[in-house]
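J.: Sharing a sequence plus its predicted fold:
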Amino acid sequence: MAHALAVESPHVTADVIEVAEFPELAQRYHVQGVPKTIINEQVSVDGAVPESRLLALVLDAVGRGHAP
């Protein structure tokens with residue numbers, strides 16, 4: 001879902017990390033399962049969420065909305 005947002009907006013970038021290849025990142029971000037989305041080092045989203053929820057969280061993280 002993060003990649004879909006990045007395709008649609010020049011203001012969004014997304015990277016996929018293979019957690020098994022980067023255990024230090026898994027530990028840093030407390031990855032227990034995937035998918036796990038980190039938004040601006042502020043918001044952590046565990047599991048798959050609907051597009052509307054992820055968009056609300058992104059907008060909230062950058063101060064342009066209010067996540068429900």
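T.: Okay, I see it.
J.: Let me see the ranges of the helices in the protein.
T.: For the chain, the helices defined by DSSP state H occupy 2-8, 23-28, 51-61.
J.: which one of those helices has the most crowded surroundings?
T.: Highest mean neighbour count among those (mean count of other CB atoms under 10 Å): helix 51-61, with a mean of 16. Just so you know, the C-beta spots here come from the backbone N, C-alpha and C atoms, and that holds for glycine as well.
J.: now this structure, which segments are flagged as low pLDDT?
T.: 65-68 (pLDDT under 70).
J.: Who does the residue nearest to residue 29 when sequence neighbours are not counted form a beta bridge with?
T.: Of all residues not flanking residue 29 in the chain, residue 38 sits nearest, at 5.8 Å (CB to CB, 6 or more residues apart in numbering). Here residue 38 sits in beta bridges with residue 44, going by DSSP bridges.
J.: Now do the contacts for residue 38.
T.: Residue 38 sits next to 29, 44-45 when contact means CB atoms under 8 Å, 6 or more residues apart in numbering.
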